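Asks: What follows is a predicted structure for the sequence shown.
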Protein chains: 2
Amino acid sequence: MKTISQARVQNERRILKAAIEEFEQYGFSGSRMQRIADRAKLPKANIHYYFKNKTELYTAVLNNIVSLWNKAFDRISVEDEPANALRGYIHAKLEYSQSNAAAARVFTNEIVSGAPHLKKYLKTDLRSWVTERAGVIQQWANLGKIDPINPYHLIFLIWGATQHYADYHTQVSAIMGKRKLDKCDYDEITNSLVEIILKGCGLKVR
Amino acid sequence: MKTISQARVQNERRILKAAIEEFEQYGFSGSRMQRIADRAKLPKANIHYYFKNKTELYTAVLNNIVSLWNKAFDRISVEDEPANALRGYIHAKLEYSQSNAAAARVFTNEIVSGAPHLKKYLKTDLRSWVTERAGVIQQWANLGKIDPINPYHLIFLIWGATQHYADYHTQVSAIMGKRKLDKCDYDEITNSLVEIILKGCGLKVR
DNA sequence: GTCTATAGTTAGATAGAC
DNA sequence: GTCTATCTAACTATAGAC
(Lines give C-alpha, C1' and ligand atoms only; values in the text may rest on other atoms or scores of the structure.)
Protein backbone atom coordinates (compact mmCIF):
# COMPACT_ATOMS: atom_id res chain seq x y z
CA MET A 1 0.00 0.00 0.00
CA LYS A 2 1.33 3.37 -1.04
CA THR A 3 1.30 6.28 1.36
CA ILE A 4 0.27 9.64 0.06
CA SER A 5 3.76 11.10 0.21
CA GLN A 6 5.15 8.12 -1.71
CA ALA A 7 2.68 8.85 -4.49
CA ARG A 8 3.71 12.49 -4.39
CA VAL A 9 7.42 11.75 -4.65
CA GLN A 10 6.85 9.21 -7.40
CA ASN A 11 4.61 11.48 -9.44
CA GLU A 12 6.89 14.49 -9.06
CA ARG A 13 9.79 12.37 -10.30
CA ARG A 14 7.78 11.16 -13.29
CA ILE A 15 6.74 14.68 -14.16
CA LEU A 16 10.30 15.99 -13.87
CA LYS A 17 11.57 13.23 -16.16
CA ALA A 18 8.87 13.99 -18.72
CA ALA A 19 9.55 17.71 -18.42
CA ILE A 20 13.28 17.28 -19.07
CA GLU A 21 12.51 15.49 -22.34
CA GLU A 22 10.01 18.14 -23.39
CA PHE A 23 12.21 21.13 -22.48
CA GLU A 24 15.18 19.45 -24.17
CA GLN A 25 13.29 19.20 -27.44
CA TYR A 26 11.31 22.44 -27.44
CA GLY A 27 12.94 24.87 -25.00
CA PHE A 28 10.94 26.69 -22.36
CA SER A 29 8.50 28.70 -24.49
CA GLY A 30 8.08 25.94 -27.04
CA SER A 31 7.20 23.30 -24.47
CA ARG A 32 3.56 22.33 -23.90
CA MET A 33 2.06 21.32 -20.58
CA GLN A 34 -0.22 18.93 -22.46
CA ARG A 35 2.73 17.09 -24.01
CA ILE A 36 4.48 16.89 -20.64
CA ALA A 37 1.31 15.36 -19.21
CA ASP A 38 1.13 12.87 -22.10
CA ARG A 39 4.78 11.89 -21.63
CA ALA A 40 4.19 11.39 -17.91
CA LYS A 41 0.91 9.56 -18.64
CA LEU A 42 -1.04 11.82 -16.29
CA PRO A 43 -3.94 14.20 -16.89
CA LYS A 44 -2.78 17.73 -17.51
CA ALA A 45 -4.53 19.01 -14.39
CA ASN A 46 -2.31 16.80 -12.25
CA ILE A 47 0.80 18.51 -13.54
CA HIS A 48 -0.70 21.75 -12.26
CA TYR A 49 -1.53 20.09 -9.00
CA TYR A 50 2.15 19.25 -8.38
CA PHE A 51 3.69 22.33 -10.01
CA LYS A 52 1.77 25.59 -9.82
CA ASN A 53 2.66 26.66 -13.35
CA LYS A 54 5.03 26.14 -16.26
CA THR A 55 7.71 28.45 -14.88
CA GLU A 56 7.81 26.67 -11.54
CA LEU A 57 8.18 23.31 -13.28
CA TYR A 58 10.97 24.64 -15.47
CA THR A 59 12.77 26.12 -12.46
CA ALA A 60 12.51 22.78 -10.68
CA VAL A 61 14.07 21.07 -13.70
CA LEU A 62 16.93 23.57 -13.82
CA ASN A 63 17.60 23.29 -10.07
CA ASN A 64 17.64 19.55 -10.48
CA ILE A 65 20.24 19.80 -13.25
CA VAL A 66 22.44 22.28 -11.41
CA SER A 67 22.48 20.22 -8.20
CA LEU A 68 23.29 17.11 -10.25
CA TRP A 69 26.18 18.98 -11.84
CA ASN A 70 27.48 20.19 -8.49
CA LYS A 71 27.29 16.71 -7.03
CA ALA A 72 29.29 15.33 -9.96
CA PHE A 73 32.09 17.88 -10.03
CA ASP A 74 32.53 19.41 -6.60
CA ARG A 75 34.74 16.54 -5.53
CA ILE A 76 37.41 17.36 -8.17
CA SER A 77 40.50 17.42 -6.02
CA VAL A 78 42.87 20.35 -6.19
CA GLU A 79 45.84 18.53 -4.66
CA ASP A 80 46.15 15.99 -7.48
CA GLU A 81 48.92 16.03 -10.01
CA PRO A 82 47.79 18.16 -13.00
CA ALA A 83 47.77 15.23 -15.42
CA ASN A 84 45.65 13.10 -13.12
CA ALA A 85 43.30 15.91 -12.22
CA LEU A 86 42.68 16.95 -15.83
CA ARG A 87 42.35 13.36 -17.03
CA GLY A 88 39.84 12.66 -14.28
CA TYR A 89 37.91 15.81 -15.00
CA ILE A 90 37.66 15.18 -18.76
CA HIS A 91 36.63 11.62 -18.02
CA ALA A 92 33.93 12.68 -15.55
CA LYS A 93 32.61 15.40 -17.85
CA LEU A 94 32.26 12.99 -20.77
CA GLU A 95 30.63 10.42 -18.56
CA TYR A 96 28.17 13.11 -17.48
CA SER A 97 27.50 14.18 -21.10
CA GLN A 98 26.72 10.58 -21.90
CA SER A 99 24.48 9.59 -19.00
CA ASN A 100 22.78 12.95 -18.50
CA ALA A 101 22.59 14.04 -22.12
CA ALA A 102 18.99 15.24 -21.96
CA ALA A 103 19.64 17.34 -18.86
CA ALA A 104 22.82 18.74 -20.43
CA ARG A 105 20.82 19.81 -23.47
CA VAL A 106 18.16 21.53 -21.36
CA PHE A 107 20.95 23.48 -19.70
CA THR A 108 22.46 24.44 -23.06
CA ASN A 109 19.09 25.50 -24.35
CA GLU A 110 18.71 27.82 -21.37
CA ILE A 111 22.18 29.36 -21.85
CA VAL A 112 21.81 29.74 -25.63
CA SER A 113 18.53 31.57 -25.01
CA GLY A 114 20.38 34.10 -22.87
CA ALA A 115 19.99 32.30 -19.51
CA PRO A 116 16.88 34.24 -18.42
CA HIS A 117 16.32 31.85 -15.50
CA LEU A 118 19.97 31.20 -14.57
CA LYS A 119 21.78 34.56 -14.80
CA LYS A 120 22.10 34.82 -11.05
CA TYR A 121 23.54 31.30 -10.66
CA LEU A 122 26.11 31.98 -13.39
CA LYS A 123 27.27 35.22 -11.77
CA THR A 124 27.52 33.84 -8.23
CA ASP A 125 27.93 30.10 -7.56
CA LEU A 126 29.34 29.06 -10.91
CA ARG A 127 31.65 32.05 -11.14
CA SER A 128 33.18 31.26 -7.71
CA TRP A 129 33.56 27.63 -8.68
CA VAL A 130 35.50 28.51 -11.83
CA THR A 131 37.58 31.23 -10.19
CA GLU A 132 38.69 28.76 -7.55
CA ARG A 133 39.68 26.08 -10.09
CA ALA A 134 41.38 28.64 -12.33
CA GLY A 135 43.47 29.67 -9.31
CA VAL A 136 44.69 26.13 -8.84
CA ILE A 137 45.66 25.80 -12.52
CA GLN A 138 47.48 29.13 -12.25
CA GLN A 139 49.42 27.82 -9.24
CA TRP A 140 50.39 24.71 -11.20
CA ALA A 141 51.72 27.01 -13.91
CA ASN A 142 53.63 29.15 -11.38
CA LEU A 143 55.25 25.98 -10.02
CA GLY A 144 56.21 24.89 -13.54
CA LYS A 145 54.03 21.78 -13.27
CA ILE A 146 52.07 22.80 -16.38
CA ASP A 147 52.70 25.16 -19.32
CA PRO A 148 51.62 28.77 -18.71
CA ILE A 149 48.20 28.72 -20.38
CA ASN A 150 45.15 30.86 -19.57
CA PRO A 151 43.33 28.75 -16.94
CA TYR A 152 39.88 30.06 -17.86
CA HIS A 153 40.22 29.14 -21.50
CA LEU A 154 41.55 25.72 -20.59
CA ILE A 155 38.41 25.14 -18.54
CA PHE A 156 36.20 26.46 -21.36
CA LEU A 157 38.04 24.23 -23.81
CA ILE A 158 37.27 21.17 -21.71
CA TRP A 159 33.66 22.24 -21.26
CA GLY A 160 33.14 23.00 -24.94
CA ALA A 161 34.77 19.81 -26.13
CA THR A 162 32.92 17.51 -23.74
CA GLN A 163 29.54 19.25 -23.84
CA HIS A 164 29.68 19.04 -27.64
CA TYR A 165 29.03 15.30 -27.48
CA ALA A 166 25.79 15.86 -25.56
CA ASP A 167 24.53 18.98 -27.36
CA TYR A 168 25.63 18.00 -30.86
CA HIS A 169 24.94 14.31 -30.43
CA THR A 170 22.59 14.35 -33.41
CA GLN A 171 25.20 15.96 -35.64
CA VAL A 172 28.10 13.81 -34.41
CA SER A 173 26.08 10.62 -34.96
CA ALA A 174 25.03 11.74 -38.44
CA ILE A 175 28.65 12.44 -39.39
CA MET A 176 29.93 9.17 -37.92
CA GLY A 177 27.12 7.35 -39.73
CA LYS A 178 25.62 5.85 -36.58
CA ARG A 179 22.26 6.07 -34.91
CA LYS A 180 23.90 6.80 -31.58
CA LEU A 181 27.35 6.67 -29.97
CA ASP A 182 28.17 3.60 -27.87
CA LYS A 183 30.51 2.80 -24.98
CA CYS A 184 33.30 2.12 -27.45
CA ASP A 185 32.95 5.53 -29.11
CA TYR A 186 33.05 7.28 -25.75
CA ASP A 187 36.27 5.44 -24.83
CA GLU A 188 37.81 6.63 -28.09
CA ILE A 189 36.59 10.18 -27.44
CA THR A 190 38.01 10.14 -23.92
CA ASN A 191 41.40 8.97 -25.14
CA SER A 192 41.50 11.51 -27.97
CA LEU A 193 40.55 14.45 -25.77
CA VAL A 194 42.82 13.46 -22.90
CA GLU A 195 45.77 13.02 -25.26
CA ILE A 196 45.39 16.31 -27.11
CA ILE A 197 44.57 18.43 -24.07
CA LEU A 198 47.23 16.99 -21.75
CA LYS A 199 49.90 17.19 -24.43
CA GLY A 200 48.65 20.68 -25.22
CA CYS A 201 49.35 21.72 -21.64
CA GLY A 202 52.84 20.23 -21.73
CA LEU A 203 51.88 17.19 -19.65
CA LYS A 204 52.85 13.55 -20.14
CA VAL A 205 49.79 11.62 -21.33
CA ARG A 206 50.59 8.53 -19.25
CA MET B 1 12.19 56.05 -55.80
CA LYS B 2 12.16 52.40 -54.81
CA THR B 3 11.22 49.72 -57.30
CA ILE B 4 8.97 46.93 -56.15
CA SER B 5 11.71 44.32 -56.15
CA GLN B 6 13.99 46.58 -54.11
CA ALA B 7 11.27 46.79 -51.47
CA ARG B 8 10.91 43.04 -51.60
CA VAL B 9 14.63 42.36 -51.13
CA GLN B 10 14.91 44.95 -48.37
CA ASN B 11 11.88 43.66 -46.47
CA GLU B 12 12.90 40.03 -46.78
CA ARG B 13 16.30 40.93 -45.37
CA ARG B 14 14.74 42.82 -42.46
CA ILE B 15 12.41 39.94 -41.69
CA LEU B 16 15.25 37.40 -41.80
CA LYS B 17 17.33 39.51 -39.42
CA ALA B 18 14.41 39.84 -37.02
CA ALA B 19 13.68 36.12 -37.33
CA ILE B 20 17.26 35.15 -36.47
CA GLU B 21 17.03 37.12 -33.22
CA GLU B 22 13.68 35.60 -32.35
CA PHE B 23 14.66 32.00 -33.17
CA GLU B 24 17.94 32.47 -31.30
CA GLN B 25 16.11 33.44 -28.15
CA TYR B 26 13.06 31.17 -28.30
CA GLY B 27 13.80 28.29 -30.67
CA PHE B 28 11.39 27.30 -33.44
CA SER B 29 8.27 26.36 -31.45
CA GLY B 30 8.78 29.12 -28.90
CA SER B 31 9.09 31.88 -31.48
CA ARG B 32 6.10 34.11 -32.23
CA MET B 33 5.26 35.57 -35.62
CA GLN B 34 3.93 38.65 -33.82
CA ARG B 35 7.26 39.28 -32.09
CA ILE B 36 9.15 38.77 -35.35
CA ALA B 37 6.85 41.35 -36.94
CA ASP B 38 7.44 43.75 -34.04
CA ARG B 39 11.22 43.31 -34.30
CA ALA B 40 11.06 43.96 -38.06
CA LYS B 41 8.66 46.88 -37.47
CA LEU B 42 6.12 45.48 -39.92
CA PRO B 43 2.52 44.34 -39.50
CA LYS B 44 2.24 40.63 -38.88
CA ALA B 45 0.32 40.10 -42.12
CA ASN B 46 3.33 41.31 -44.09
CA ILE B 47 5.51 38.58 -42.67
CA HIS B 48 2.99 36.10 -44.06
CA TYR B 49 3.00 37.94 -47.36
CA TYR B 50 6.76 37.34 -47.76
CA PHE B 51 6.96 33.93 -46.10
CA LYS B 52 3.98 31.61 -46.44
CA ASN B 53 4.22 30.31 -42.88
CA LYS B 54 6.46 29.96 -39.84
CA THR B 55 8.15 26.80 -41.10
CA GLU B 56 9.09 28.40 -44.41
CA LEU B 57 10.58 31.39 -42.60
CA TYR B 58 12.55 29.14 -40.27
CA THR B 59 13.83 27.07 -43.19
CA ALA B 60 14.95 30.25 -44.95
CA VAL B 61 16.87 31.27 -41.83
CA LEU B 62 18.57 27.87 -41.58
CA ASN B 63 19.50 27.85 -45.28
CA ASN B 64 20.93 31.31 -44.83
CA ILE B 65 23.08 30.12 -41.93
CA VAL B 66 24.28 26.97 -43.68
CA SER B 67 25.28 28.83 -46.85
CA LEU B 68 27.08 31.43 -44.73
CA TRP B 69 28.95 28.62 -43.00
CA ASN B 70 29.90 26.97 -46.30
CA LYS B 71 31.12 30.25 -47.71
CA ALA B 72 33.33 30.78 -44.66
CA PHE B 73 34.93 27.35 -44.49
CA ASP B 74 34.90 25.72 -47.91
CA ARG B 75 38.10 27.50 -48.88
CA ILE B 76 40.11 25.76 -46.11
CA SER B 77 43.05 24.47 -48.11
CA VAL B 78 44.10 20.84 -47.84
CA GLU B 79 47.62 21.38 -49.19
CA ASP B 80 48.69 23.64 -46.31
CA GLU B 81 51.12 22.59 -43.66
CA PRO B 82 49.11 21.09 -40.74
CA ALA B 83 50.10 23.84 -38.30
CA ASN B 84 49.09 26.61 -40.69
CA ALA B 85 45.87 24.89 -41.72
CA LEU B 86 44.72 24.20 -38.16
CA ARG B 87 45.72 27.66 -36.94
CA GLY B 88 43.83 29.25 -39.80
CA TYR B 89 40.79 27.08 -39.21
CA ILE B 90 40.62 27.78 -35.47
CA HIS B 91 41.06 31.46 -36.23
CA ALA B 92 38.29 31.49 -38.84
CA LYS B 93 35.92 29.50 -36.63
CA LEU B 94 36.37 31.89 -33.71
CA GLU B 95 35.96 34.88 -35.98
CA TYR B 96 32.72 33.33 -37.21
CA SER B 97 31.51 32.62 -33.65
CA GLN B 98 32.12 36.26 -32.85
CA SER B 99 30.57 38.01 -35.86
CA ASN B 100 27.74 35.54 -36.48
CA ALA B 101 26.97 34.63 -32.89
CA ALA B 102 23.19 34.89 -33.25
CA ALA B 103 23.16 32.67 -36.33
CA ALA B 104 25.47 30.19 -34.64
CA ARG B 105 23.06 29.99 -31.70
CA VAL B 106 20.05 29.38 -33.97
CA PHE B 107 21.98 26.49 -35.49
CA THR B 108 22.85 25.07 -32.07
CA ASN B 109 19.25 25.37 -30.97
CA GLU B 110 18.18 23.33 -33.99
CA ILE B 111 20.78 20.61 -33.34
CA VAL B 112 20.09 20.45 -29.59
CA SER B 113 16.39 19.98 -30.40
CA GLY B 114 17.26 16.92 -32.47
CA ALA B 115 17.76 18.70 -35.82
CA PRO B 116 14.20 18.06 -37.10
CA HIS B 117 14.74 20.47 -40.01
CA LEU B 118 18.41 19.66 -40.73
CA LYS B 119 18.80 15.88 -40.44
CA LYS B 120 19.18 15.49 -44.19
CA TYR B 121 21.87 18.17 -44.46
CA LEU B 122 23.84 16.60 -41.60
CA LYS B 123 23.76 13.15 -43.19
CA THR B 124 24.70 14.29 -46.69
CA ASP B 125 26.55 17.57 -47.31
CA LEU B 126 28.07 18.03 -43.86
CA ARG B 127 29.03 14.39 -43.56
CA SER B 128 30.92 14.50 -46.89
CA TRP B 129 32.64 17.72 -45.88
CA VAL B 130 33.90 16.20 -42.62
CA THR B 131 34.86 12.87 -44.18
CA GLU B 132 36.98 14.70 -46.74
CA ARG B 133 38.78 16.83 -44.12
CA ALA B 134 39.24 13.84 -41.83
CA GLY B 135 40.93 12.06 -44.73
CA VAL B 136 43.43 14.86 -45.10
CA ILE B 137 44.26 14.83 -41.39
CA GLN B 138 44.68 11.06 -41.60
CA GLN B 139 47.13 11.50 -44.49
CA TRP B 140 49.09 14.02 -42.45
CA ALA B 141 49.31 11.41 -39.70
CA ASN B 142 50.39 8.69 -42.16
CA LEU B 143 53.17 10.98 -43.40
CA GLY B 144 54.28 11.65 -39.83
CA LYS B 145 53.46 15.37 -40.16
CA ILE B 146 51.12 15.21 -37.18
CA ASP B 147 50.67 12.81 -34.25
CA PRO B 148 48.32 9.89 -34.93
CA ILE B 149 45.09 11.26 -33.44
CA ASN B 150 41.51 10.43 -34.42
CA PRO B 151 40.75 13.05 -37.12
CA TYR B 152 37.03 13.16 -36.40
CA HIS B 153 37.50 13.92 -32.74
CA LEU B 154 40.09 16.57 -33.53
CA ILE B 155 37.52 18.29 -35.74
CA PHE B 156 34.83 17.94 -33.05
CA LEU B 157 37.26 19.33 -30.48
CA ILE B 158 37.82 22.43 -32.60
CA TRP B 159 34.10 22.81 -33.25
CA GLY B 160 33.14 22.34 -29.61
CA ALA B 161 35.80 24.68 -28.29
CA THR B 162 35.10 27.50 -30.76
CA GLN B 163 31.30 27.17 -30.85
CA HIS B 164 31.31 27.35 -27.05
CA TYR B 165 32.16 31.06 -27.21
CA ALA B 166 29.05 31.75 -29.30
CA ASP B 167 26.60 29.38 -27.60
CA TYR B 168 27.80 29.89 -24.05
CA HIS B 169 28.60 33.57 -24.47
CA THR B 170 26.26 34.46 -21.60
CA GLN B 171 27.94 31.99 -19.26
CA VAL B 172 31.50 32.86 -20.31
CA SER B 173 30.81 36.59 -19.83
CA ALA B 174 29.24 35.98 -16.43
CA ILE B 175 32.26 33.96 -15.29
CA MET B 176 34.77 36.48 -16.67
CA GLY B 177 32.77 39.25 -14.98
CA LYS B 178 32.15 41.19 -18.19
CA ARG B 179 29.06 42.23 -20.03
CA LYS B 180 30.46 40.92 -23.29
CA LEU B 181 33.77 39.70 -24.71
CA ASP B 182 35.81 42.21 -26.72
CA LYS B 183 38.43 42.00 -29.48
CA CYS B 184 41.14 41.61 -26.86
CA ASP B 185 39.41 38.60 -25.27
CA TYR B 186 39.03 36.92 -28.64
CA ASP B 187 42.76 37.37 -29.37
CA GLU B 188 43.55 35.73 -26.05
CA ILE B 189 41.09 32.91 -26.79
CA THR B 190 42.59 32.35 -30.24
CA ASN B 191 46.12 32.17 -28.82
CA SER B 192 45.08 29.80 -26.02
CA LEU B 193 43.20 27.42 -28.31
CA VAL B 194 45.84 27.44 -31.04
CA GLU B 195 48.60 26.74 -28.54
CA ILE B 196 46.89 23.87 -26.74
CA ILE B 197 45.48 22.20 -29.84
CA LEU B 198 48.61 22.48 -32.00
CA LYS B 199 50.86 21.31 -29.20
CA GLY B 200 48.33 18.56 -28.49
CA CYS B 201 48.76 17.30 -32.05
CA GLY B 202 52.54 17.34 -31.78
CA LEU B 203 52.93 20.50 -33.87
CA LYS B 204 55.16 23.49 -33.29
CA VAL B 205 53.02 26.47 -32.22
CA ARG B 206 55.07 28.98 -34.23
C1' DG C 1 -5.07 13.03 -4.86
C1' DT C 2 -7.48 12.44 -9.46
C1' DC C 3 -9.74 13.94 -13.46
C1' DT C 4 -13.40 16.15 -16.67
C1' DA C 5 -14.95 20.19 -18.37
C1' DT C 6 -14.20 24.69 -19.46
C1' DA C 7 -12.85 29.59 -18.84
C1' DG C 8 -9.77 32.97 -20.64
C1' DT C 9 -6.02 34.03 -23.62
C1' DT C 10 -3.04 33.96 -27.43
C1' DA C 11 -1.25 31.69 -31.32
C1' DG C 12 -0.84 31.12 -36.77
C1' DA C 13 -2.96 32.36 -40.67
C1' DT C 14 -6.11 34.85 -44.05
C1' DA C 15 -9.85 37.89 -46.23
C1' DG C 16 -10.48 41.94 -48.18
C1' DA C 17 -10.20 47.21 -48.13
C1' DC C 18 -6.77 50.44 -49.54
C1' DG D 1 2.62 45.76 -51.70
C1' DT D 2 0.33 47.27 -47.05
C1' DC D 3 -2.54 46.72 -43.16
C1' DT D 4 -6.89 46.09 -40.18
C1' DA D 5 -10.02 42.94 -38.67
C1' DT D 6 -10.99 38.47 -37.74
C1' DC D 7 -11.27 33.26 -37.96
C1' DT D 8 -10.00 28.86 -35.98
C1' DA D 9 -7.11 26.23 -33.24
C1' DA D 10 -4.21 25.57 -29.45
C1' DC D 11 -2.46 27.01 -25.17
C1' DT D 12 -2.19 27.75 -19.77
C1' DA D 13 -4.66 27.36 -15.93
C1' DT D 14 -8.55 26.40 -12.80
C1' DA D 15 -13.18 25.06 -10.88
C1' DG D 16 -15.47 21.56 -8.97
C1' DA D 17 -17.25 16.62 -8.97
C1' DC D 18 -15.39 12.38 -7.42
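Replies: Happy to help now that I have it.

Asks: need the residues of chain A near DNA strand D, please.
Replies: Residues of chain A found near DNA strand D (C-beta under 7 Å from any atom of the strand) are A:31, A:32, A:33, A:34, A:35, A:44, A:45, A:48, A:52, A:53, A:54, A:55. C-beta here means a position set from N, CA and C on the backbone, and glycine is covered the same way.

Asks: Are any of these buried, and if so which?
Replies: For the residues of chain A next to DNA strand D, a burial check counting by 16 or more other C-beta atoms under 10 Å in any protein chain shown picks out A:31, A:33, A:35, A:54.

Asks: which of those residues sit farthest apart?
Replies: For those, the farthest-apart pair by C-beta to C-beta is A:35 and A:54; their separation is 11.7 Å.

Asks: related to what we said a few turns ago, out of the buried ones among the residues of chain A next to DNA strand D, which are close to chain B?
Replies: Subset of these in contact with chain B: residue A:31, counting by C-beta under 8 Å from any C-beta of the partner chain.

Asks: Looking at the buried ones among the residues of chain A next to DNA strand D, which one is closest to residue B:153?
Replies: For those, the closest approach to residue B:153 (C-beta to C-beta) belongs to residue A:31, at 32.7 Å.

Asks: For the closest one, which non-adjacent residue is spatially closest?
Replies: residue A:22 (4.6 Å; C-beta to C-beta, 6 or more residues apart in numbering or on different chains).

Asks: Helix or strand: which one has that neighbour?
Replies: Per DSSP states H and E: residue A:22 is located in helix A:4-30.

Asks: Skip the chain neighbours and tell me the closest residue to the most centrally placed residue in chain A.
Replies: Per C-alpha atoms, centre = their mean, the C-alpha nearest to the average position across chain A is that of residue A:104, at 3.9 Å. The shortest distance from residue A:104 to any non-neighbouring residue, by C-beta to C-beta, 6+ apart, is to residue A:166 (3.9 Å).

Asks: Could you pull up the residues touching that neighbour?
Replies: Counting by C-beta atoms under 8 Å, 6 or more residues apart in numbering or on different chains, residue A:166 makes contact with A:97, A:98, A:100, A:101, A:104, A:105, A:108.

Asks: most neighbours, which of these?
Replies: Within those, residue A:105 tops the neighbour count with 27 neighbours, counted by other C-beta atoms under 10 Å in any protein chain shown.

Asks: Please enumerate the helices of chain A.
Replies: With DSSP state H, the ranges of helices along chain A come out as A:4-30, A:33-40, A:44-50, A:54-73, A:82-99, A:101-112, A:119-121, A:127-142, A:151-167, A:169-176, A:183-200.
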